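Student: I would like to see how this sequence folds:
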Amino acid sequence: MPPVTSSRLPGGVLLLSLCQALLVSGNILLIAVSPLIGQSLAPSPWLSTLPVATQWLGLMLATLPASLIMGRLGRKRGFVIGNLIGFAGTVAAYLALLANHFAAFTVATMAIGVGIGFGQLYRFAAIELAPSGARDRAIGLVMGGGVLAAFFGPWLARISQDAVTTPFLGSFVGLGALYLIALALLLVVPLPPLDPSTRHGKRRPLGELLAQPKLWLAVLAAMIGYGVMNLAMTATPLAMASDGHAFHHVSMTIQWHVLAMFAPSFFTGQLTQRFGTTRMIALGCVLLCASALSALAPSSLAGFNVTLILLGLGWNFTFLPATGLLTECHLPAEKARVQAANEFLVFSTAAITALAAGPLIQWLGWQTLNLWLLPMAALPLILIAAQRLAFDAGRPQIKE
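Tutor: Numbers count the residues shown, from 1 in each chain. Next up is the predicted model:
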């Protein structure tokens with residue numbers, strides 16, 4: 001079969017976008033309810049965000065095996081396995097809430113995190129489905145599925161909060177339904193079979209892979225974008241609750257944040273093609289810094305909304321261009337291990353920041369916590385500046 005040369009995106013990318021929407025909807029629901037469940041069940045306030053951290057820990061632990069499993073069994077089988085694990089986690093969370101058991105709930109969110117870890121590879125599957133030259137648009141369309149999630153996720157969190165007698169129990173009934181719908185979609189997505197070159201092609205030594213400046217930028221930008229965003233986002237429900245905001249205000253703030261995360265995805269690819277990956281990542285870092293600075297103003301509902309909107313935009317303009325840049329750093333046979341290493345580093349950062357959010361918000365408070373995020377958000381800018389200086393000196397450098 002001859003290679004596809006049309007610039008039109010195939011229908012499978014749209015189905016992956018819907019799967020992404022369901023995945024992010026479940027994530028939003030968990031972000032909204034897990035810290036509050038932790039606050040009510042945990043033996044200490046310092047452990048209130050532990051269920052969020054174990055979710056990210058599960059995601060982190062899934063990154064290496066998910067990529068390797070898909071490298072051997074194909075994308076479709078890998079995604080089905082991940083969805084089944086996520087569904088099992090929702091059942092376990094339901095039972096843990098019935099038993100009022102904090103430790104069991106943290107184990108359940110870890111299993112859900114494993115399912116999410118498999119789903120994080122939807123964006124790479126979209127790249128494989130897309131024709132040549134449409135890489136960034138395919139990433140954008142799949143990640144744009146989060147726009148639907150920005151409305152559906154908080155709505156599901158609100159209506160399921162008190163749907164049954166036990167608080168938040170209905171949330172996990174809804175979450176389980178999302179996994180079953182995603183599973184049905186995955187069974188009809190026309191994902192390509194395994195390419196023999198991904199298993200038997202040329203592979204470069206690790207030192208040669210690591211000698212690529214753009215690989216360092218791709219990984220660092222994704223790590224910082226996710227780490228800064230996740231730390232502030234995880235702390236937000238606790239900070240807002242501490243300031244006396246009602247749960248529906250919390251869910252609406254998270255909704256605006258997620259909309260800012262994913263709505264730009266429909267044109268981030270075009271912006272990246274026009275202005276270049278490095279400039280887009282730099283813009284994302286500037287927006288992350290602006291988010292941290294806006295949080296230093298006196299706390300109010302509008303202030304939380306502005307901070308979280310800037311945070312979402314900063315994530316989008318760092319993480320999406322970094323994803324595209326990563327695909328330029330590996331040969332076909334290197335794809336599984338490079339993607340696995342990238343996902344492991346990115347979501348290890350997310351797990352650490354989620355675990356740190358509870359203690360830091362208790363210790364530092366909202367404003368000081370965000371002040372600490374400023375130097376973290378500036379790290380990719382420092383790397384870009386250093387690489388520009390290296391380029392000016394005639395050494396190898398990222399070329400747009």
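Student: just checking, next helix/strand downstream of the lowest-mean-pLDDT helix or strand in the chain?
Tutor: Between all helices and strands in the chain, the lowest mean by mean pLDDT, DSSP states H and E belongs to helix 197-200, at a mean of 58. On the C-terminal side of helix 197-200, the closest following helix or strand by DSSP states H and E is helix 206-210.
Student: Buried ones in that next one, by neighbour count?
Tutor: residue 209 (16 or more other Cβ atoms under 10 Å). For the C-beta atoms, the positions are set from N, CA and C on the backbone; glycine is no exception.
Student: Can you list the buried residues in the helix or strand containing residue 60?
Tutor: Using DSSP H and E, the element containing residue 60 is helix 50-73. Across helix 50-73, burial judged by 16+ other Cβ under 10 Å covers 50-67, 69-71.
Student: do stretch 231-247 as well
Tutor: Neighbour count says stretch 231-247 has 231-241, 245, 247 buried, by 16+ other Cβ under 10 Å.
Student: export the residues you listed to JSON lines and tack on pLDDT?
Tutor: Output for those, formatted as JSON lines (pLDDT from 0 to 100):
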{"residue": "231", "pLDDT": "91"}
{"residue": "232", "pLDDT": "91"}
{"residue": "233", "pLDDT": "88"}
{"residue": "234", "pLDDT": "83"}
{"residue": "235", "pLDDT": "87"}
{"residue": "236", "pLDDT": "87"}
{"residue": "237", "pLDDT": "83"}
{"residue": "238", "pLDDT": "82"}
{"residue": "239", "pLDDT": "85"}
{"residue": "240", "pLDDT": "85"}
{"residue": "241", "pLDDT": "81"}
{"residue": "245", "pLDDT": "79"}
{"residue": "247", "pLDDT": "74"}
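Student: In a markdown table, list those residues along with secondary structure.
Tutor: Conversion of those to a markdown table gives the following (DSSP: H, G, I helix; E, B strand; the rest coil):
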| residue | secondary structure |
| --- | --- |
| 231 | helix |
| 232 | helix |
| 233 | helix |
| 234 | helix |
| 235 | helix |
| 236 | helix |
| 237 | helix |
| 238 | helix |
| 239 | helix |
| 240 | helix |
| 241 | helix |
| 245 | coil |
| 247 | helix |
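Student: quick one on the thing from earlier: who does the helix holding residue 60 touch, helix- and strand-wise?
Tutor: Under the contact criterion of 3 or more Cβ pairs under 8 Å, 6 or more residues apart in numbering; DSSP states H and E, helix 50-73 touches helix 11-41, helix 75-99, helix 102-119, helix 197-200, helix 335-363.
Student: Where does pLDDT dip in the stretch 51-200 of the chain?
Tutor: Applying pLDDT under 70 to the stretch 51-200 of the chain flags residues 132-133, 135, 160-165, 194-200.
Student: and if you look at the stretch 251-400 of the chain?
Tutor: In the stretch 251-400 of the chain (pLDDT under 70), the answer is 390-400.
Student: can you pull out the helices in it?
Tutor: 265-275, 277-294, 301-326, 335-363, 366-377, 379-392 (DSSP state H, counting those that start in this stretch).
Student: Mind checking those helices for the one nearest to residue 38?
Tutor: Across the helices of the stretch 251-400 of the chain, residue 38 has its closest neighbour in helix 335-363 (7.5 Å, Cβ to Cβ).
Student: Identify the residues contacting the closest residue in space to residue 106 that isn't next to it in sequence.
Tutor: Leaving out its chain neighbours, the residue that sits closest to residue 106 by Cβ to Cβ, 6 or more residues apart in numbering is residue 54, at 4.4 Å. Residues near residue 54 by Cβ atoms under 8 Å, 6 or more residues apart in numbering: 106, 107, 109, 110, 113.
Student: ok, the closest residue to the fourth one other than its chain neighbours to residue 389 distance?
Tutor: Take residue 110 and drop its neighbours on the chain: the residue closest to it by Cβ to Cβ, 6+ apart is residue 58, 3.8 Å away. Residue 58 is 40 Å from residue 389, where distance means Cβ to Cβ, to the nearest Å.
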